[in-house]
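Participant: this is the structure alone, sequence omitted:
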Ligand code: EPU
């Protein structure tokens, strides 16, 4: 199993990073391909582990998936009808497998769909009850049998109104996909407006769907007969973008990232400015100059447009080096501070109480051997290792490879002293 060895403290980085397509956009778009009877072409695809797992999932359902990694293009063809069972093996390694529930239901509403429930995950409880309640509002019943949820609608799907109790990202994407061919119109309230959900809506509308906003978090979907001309360029990954900006921050360096819409990182940019970084942005790029006198800050995560929970472990690592007392409040997941004990082993002073963390910035971190336990924790520990004195060994980096494309190469190009070992 691969490990990273990082030697720090790294000198100030100065460089450019080209941000890859967003994993969390690519996965629902791939799931949405099930709604098409002909070809779907996706561009700017990040060939990370989760995307490969989703490719395997679609192939297991009967789709033909061809891709060119160098061109970042994926073509999905659905010539035959799909198999209607999503096996546990694929959902257990990647929770986003549940996204096929909505598209299979949308395409085959009167057939029985069997999707394995993913169970818990490192971040805390990952429930799908709001997804299922959303499907119920369309007339689809569900039963649980041996860890599989069976979903079907005897009389097809008919529009009504559904309001999510709280914002859910994949729940919103799932219900949108299920509603595309609905009889009449379906209104969905309190939806996620994360850029990745908007990317899905844009893709579907450009392919013939009829989804309109009624308010900031409400949409109306009028059922259409078919989707055609499925072509889409995936947006840049805002979490990857923020992660590399933070490499610039923690090394007191200068960094320029491109292939990213700065509007998708408004709250994060505000925080980076508050701590003392200089930031300039254009339509598709962000330039950051860090400071030697960074200031502490208070952060609260929340659904978009608030500070993203996925970016929280990243800023957590940065704040361990910022003089003074910073505070973080996590409002989305119950177990999102897994990087804290690892960073503390490097000499950071992070105290976690329930969903809040207090960080007392330290002048110096020291290298340590660390274990990564989830995707964003991997990058958080990498940042700690970049700032720490000496060589740190990071195990279980496969978590990071689920979502960061060319991670080692991109860091190396910035001058980070990183090697991987088996
Ligand atoms: N929730 C429920 N019941 C439900 C659905 C959600 O209680 O039926 C709760 C969850 O337990 C959580 C909160 O609602 O406490 C929000 O979860 P959400 O459903 O929004 O998360 P998700 O859709 O499963 C996506 C991303 C995550 C990201 C979250 C929050 C994808 C594939 N995953 O997950 O990404 O953290 O939204 O923004 O889009 C990552 O990339 O590292 C990652 C974990």
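Facilitator: Yep, that arrived. Keep in mind it's a predicted model, so treat the numbers as computed, not measured. Residues are numbered from 1 along each chain as shown.

Participant: for the ligand, what's the nearest residue on the stretch 301-422 of the chain?
Facilitator: Minimum separation of the stretch 301-422 of the chain from the ligand (Cβ to the nearest ligand atom) falls at residue 375, amounting to 4.3 Å. Bear in mind the C-beta positions are built from the backbone N, C-alpha and C, glycine included.

Participant: now that residue. Its backbone dihedrals?
Facilitator: phi -60, psi -60 (degrees, to the nearest 10).

Participant: again, but for the one 3 residues further on
Facilitator: Listed backbone geometry of residue 378 is phi -60, psi -50, with angles given as degrees, to the nearest 10.

Participant: could you measure from it over to residue 309?
Facilitator: 16 Å (Cβ to Cβ, to the nearest Å).

Participant: can you check residue 177 too?
Facilitator: Counting by Cβ to Cβ, the gap from residue 177 to residue 309 is 23 Å.

Participant: returning to that earlier point: between residue 378 and residue 309, which one's more packed in?
Facilitator: Comparing residue 378 with residue 309 by other Cβ atoms under 10 Å, the one with more neighbours is residue 378, at 28 against 19.

Participant: contacting residues for the nearest residue to the more buried one once chain neighbours are set aside?
Facilitator: Nearest non-adjacent residue to residue 378, counting by Cβ to Cβ, 6 or more residues apart in numbering: residue 400, 3.1 Å away. Going by Cβ atoms under 8 Å, 6 or more residues apart in numbering, residue 400 touches 372, 375, 378, 379, 382, 407.

Participant: can you give the distance of the helix or strand of the chain with the lowest mean pLDDT from its chain's centre?
Facilitator: Averaged element by element with mean pLDDT, DSSP states H and E, the chain has its least confident helix or strand at helix 88-93 (a mean of 87). Chain-centre distance of helix 88-93: 18 Å, with Cα atoms, centre = their mean, to the nearest Å.

Participant: counting contacts, what elements does it pack onto?
Facilitator: helix 49-61, strand 113-116 (3 or more Cβ pairs under 8 Å, 6 or more residues apart in numbering; DSSP states H and E).

Participant: how about stretch 325-345, does it reach the ligand?
Facilitator: Yes - Stretch 325-345 reaches the ligand (Cβ under 6 Å from any ligand atom) through 332, 333.

Participant: quick check, residue 396 in contact with residue 370.
Facilitator: No - between residue 396 and residue 370 there is no contact under Cβ atoms under 8 Å: 9.2 Å.

Participant: mind checking pLDDT for the closest residue to the residue of the stretch 301-422 of the chain closest to the ligand other than its chain neighbours?
Facilitator: Once flanking residues are discounted, residue 375 sits nearest to residue 403: 4.6 Å by Cβ to Cβ, 6+ apart. The model reports residue 403 with a pLDDT of 95.

Participant: distance of residue 403 relative to residue 331?
Facilitator: Using Cβ to Cβ, residue 403 is found at 21 Å from residue 331.

Participant: that's all I had, so thanks and see you.
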